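K.L.:
Below: sequence and its predicted model.
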There are 2 protein chains.
Amino acid sequence: MPIAFVTGNASKFQEITAVIPGIVQLNLDLDEIQGLDPKIIIEHKLSQAATQHDGDIIVEDTSLVFNCLGRLPGPLIKWFEQSLSNTELADLVSRFPDHTAIASCTIGYRPQGGSPVFFTGSVTGTIVPPRGIVSPFGWNNIFQPLGSALTYAEMTIAAKNTTSMRGQAATQLQQFLSQSHRI
Amino acid sequence: MPIAFVTGNASKFQEITAVIPGIVQLNLDLDEIQGLDPKIIIEHKLSQAATQHDGDIIVEDTSLVFNCLGRLPGPLIKWFEQSLSNTELADLVSRFPDHTAIASCTIGYRPQGGSPVFFTGSVTGTIVPPRGIVSPFGWNNIFQPLGSALTYAEMTIAAKNTTSMRGQAATQLQQFLSQSHRI
C-alpha cells in the first residue's frame, strides 16, 4: 500500500511528490489543535488519521515566524492570513526594525502501527511588500529568502524546491524512507 | 447534580460563581481546536466534556481583538501571550494609529443531552503600557475600558465584574438559567 500524504492542498502534494514519487494524496477532515509547536499539532493529526486509514501516513505543517514577534505567527500563520491581507502582514512587519522571518516545514511520518518520526526544513528570509503571482501558498509573495532577489511567488516550482523549507523536509524524509527500504 | 464549569483557572471560576452561585469547578484536560470563532472552539470542548461528565456543563472562552490587526488575536490571545510579554503586546499596538481593542467573553452552556446555548459579553477599551498588579488574567494590566481611568488590573474584582465581558456573559447565563428554572 502506498504512503498516504494527508492534505487538502494539491500544491503541497505536488511539491512533496516531486521529491518522493509514489505517494498518494488523501483528503481527510481532521481537527487542528491550537499551539505554537508544529510537532504537537502534527502528532494529533497523525493519531486521528490513523483511526480513519490503514497504512503509512504523512502530515505536514508549515510555519512562518516573524522575528519581531517572538514565536508568532508560527503555525498560526493561517489565522493571520484569514485576518490580514499580505499587504497588511508586510505593513505589520515594516513597523518594526527587524524584517526577517523564518519559514519552516515539518513533516511527520507515521508507519502503520508505529511511532511518528519528524523532519524539519527551515529557510530564513525577509518580509517584503507583495511581489509576484498570488499562489495557493498564501504568503509566498511577501517572503524573500536571504541571498535571493526573488520572492517565492516569483520563482518556478523547480527553483523553489531546491531551496524551500518544504523541499528540505521532503528530501530528509525521502532519504529516511530510502535508507529504511520503505520506498 | 450541580452545573459543572469546566476550567483549570480558579480566578475565572471565582468571577463566574460570584454571579451564578452553586456551580462547581471541573478540571478536565480538553483539546482546543484552532480558530478565530469562539463558538466553534467552545462547542468542540463541550462535546468532548460531555463524553467525560454527566450533567449540565459550562465552557468559557475569552478573546481579545486588537482593532489594528483585523480579527487578531481573538481566541488566539493565549498564544500571543506565550510569545510576547504584555509590554511587547502594548508596544505592538502602539506602532499603529488605532489603539482600541475589544475584549469578549463567550460562555457555552450545554444541558445534559441537549444542544449548547451561547452568551457573549463585550467591552471596548484601549491597549496601554502595563499598569497594575499582574493577575492570572494575563492581559488585565494593558486593557483599559473606555470611560475608565483604570486598567482591569487596577480594579477590584467587584468593580471589574460590574463592567467586565465575563460579568456580562455570566449575568446573561444566570438570567437564562433562572427563567428556565434550572437554578
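P.N.:
Okay, I see it.

K.L.:
May I ask you to confirm that A:Pro129 belongs to a helix?
P.N.:
No - assigned with DSSP: H, G, I helix; E, B strand; the rest coil, A:Pro129 falls outside any helix and is coil.

K.L.:
That one reaches A:Phe143, doesn't it?
P.N.:
No - using C-beta atoms under 8 Å, A:Pro129 makes no contact with A:Phe143, being 11.6 Å away. Every residue, glycine included, has its C-beta placed from N, CA and C.

K.L.:
And for the residue nearest the centre of chain A, nearest residue in space, chain neighbours not counted?
P.N.:
To find the centre residue of chain A, average its C-alpha atoms and take the closest one (C-alpha atoms, centre = their mean): that gives A:Thr62, at 2.8 Å. Residue nearest to A:Thr62 in three dimensions, not counting chain neighbours: A:Cys105, with 5.0 Å by C-beta to C-beta, 6 or more residues apart in numbering or on different chains.

K.L.:
Beta-bridge partners for the one you found, please?
P.N.:
As for beta bridges, A:Cys105 partners with A:Thr62, A:Gly121 under DSSP bridges.

K.L.:
pretty sure it contacts A:Asn161?
P.N.:
No - the criterion here is C-beta under 8 Å, and A:Cys105 misses it with A:Asn161 at 11.5 Å.

K.L.:
Chain B contacts on chain A?
P.N.:
Residues of chain A lying near chain B by C-beta under 8 Å from any C-beta of the partner chain: A:31-36, A:44, A:69-72, A:74, A:76, A:78-80, A:82-84, A:88, A:92, A:95-96.

K.L.:
what about 10 Å?
P.N.:
Selection of chain A residues close to chain B by C-beta under 10 Å from any C-beta of the partner chain yields A:31-36, A:41, A:44, A:65, A:68-76, A:78-80, A:82-85, A:88-89, A:91-92, A:94-96.

K.L.:
For PyMOL, what selects the buried ones among these?
P.N.:
Here is the PyMOL command that selects only those of those that count as buried (16 or more other C-beta atoms under 10 Å in any protein chain shown):
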select buried, chain A and resi 32+33+34+35+36+41+44+65+68+69+70+71+72+73+74+75+76+78+79+80+83+84+89+92
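
K.L.:
Using CSV, write out the CA atom coordinates for the helix or strand where A:Ile58 lies.
P.N.:
Here A:Ile58, judged by DSSP states H and E, is contained in strand A:57-66. C-alpha atoms of strand A:57-66 as CSV (Å, rounded to 0.1, in the frame of the first residue of the first chain):
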residue,chain,number,x,y,z
ILE,A,57,0.7,8.3,6.7
ILE,A,58,2.4,11.7,6.2
VAL,A,59,1.2,15.0,7.7
GLU,A,60,2.8,18.4,7.0
ASP,A,61,2.7,21.7,8.8
THR,A,62,4.1,25.0,7.6
SER,A,63,5.1,27.8,9.9
LEU,A,64,6.2,31.4,9.4
VAL,A,65,7.8,33.2,12.3
PHE,A,66,8.3,37.0,12.2
